[in-house]
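[1] Let's see this in three dimensions:
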Amino acid sequence: MNEKEWTEKICNLLNEHFSKNVERKTFHACTQKKLPYAKEIHSFDQNWTPTNSDEIKFETDLFIYEEIEDIFIPRIVIESKFKNISTHDAITYSAKATEHKSIMPFLRYGIMIGNIKDEALPWRLFNHGENFDFMYCFKGEEVSENEKKEFTELITSEIEESKKLEKLLGTKGSKAGIHLLEKKLDLK
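    Down below sits the predicted model:
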């Protein structure tokens, strides 16, 4: 099995989870979706409205979105590695997270590693993955029942975080009456 096949397997697992859960039927996962991370503006009209621009896109490994009527809301991007991850991968994917979030600010961004054998996250992810919202390792090529449960719970939680951020950003901050924000570190 290669990385692409393994990522498809996880995508299918998530779509099965979404289809069985009434509250999650509007959510979908897909692989190899190209998402914008920048917009290059080449010219403006007299009102400074862009007249010529290009969207610049990165391909994502796994993308989770919400579909409400004919509107698609980006919720989560997950970069995928299989068997190992290099320092270069951690730095590159972390940078992609920043770029995508710059134009989709309530997007959650994570990384998953399959068939890692070692049960622990590689230390290079902690050192160089500062822009990930979550990281997850699957021990083997096959996903255990415990991993299915834990991973789908993680994804459900990240969807809720995305919705909270969307609501917060929609209120323009001061109108929300928020006086405390805490980012927690949950290690398992």
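[2] what's the weakest-modelled helix or strand in the protein?
    Least confident helix or strand, the chain: helix 123-128 with a mean of 84, by mean pLDDT, DSSP states H and E.
[3] List the buried residues of that one.
    Burial within helix 123-128, assessed by neighbour count using 16 or more other C-beta atoms under 10 Å, is assigned to L125, H128. Bear in mind the C-beta positions are built from the backbone N, C-alpha and C, glycine included.
[4] so what secondary structure elements neighbour the following helix or strand past that helix?
    Next in sequence after helix 123-128, counting helices and strands by DSSP states H and E, comes strand 134-137. Judged by 3 or more C-beta pairs under 8 Å, 6 or more residues apart in numbering; DSSP states H and E, the packing partners of strand 134-137 are strand 108-114, helix 145-170.
[5] Just name the most buried of these.
    Looking across the helices and strands packed on strand 134-137 with neighbours counted as mean count of other C-beta atoms under 10 Å, the highest average goes to strand 108-114: a mean of 24.
[6] Quick one: low-confidence residue ranges for this structure.
    22-24, 119, 171-180 (pLDDT under 70).
[7] if we go to 80?
    21-25, 117-120, 169-188 (pLDDT under 80).
[8] Residues in a beta bridge with the residue nearest the centre of it, which ones?
    Centroid-nearest residue in the chain, with C-alpha atoms, centre = their mean: V77, separated by 2.2 Å. Judged by DSSP bridges, the bridge partners of V77 are F63, Y109.
[9] Thanks a lot, see you next time.
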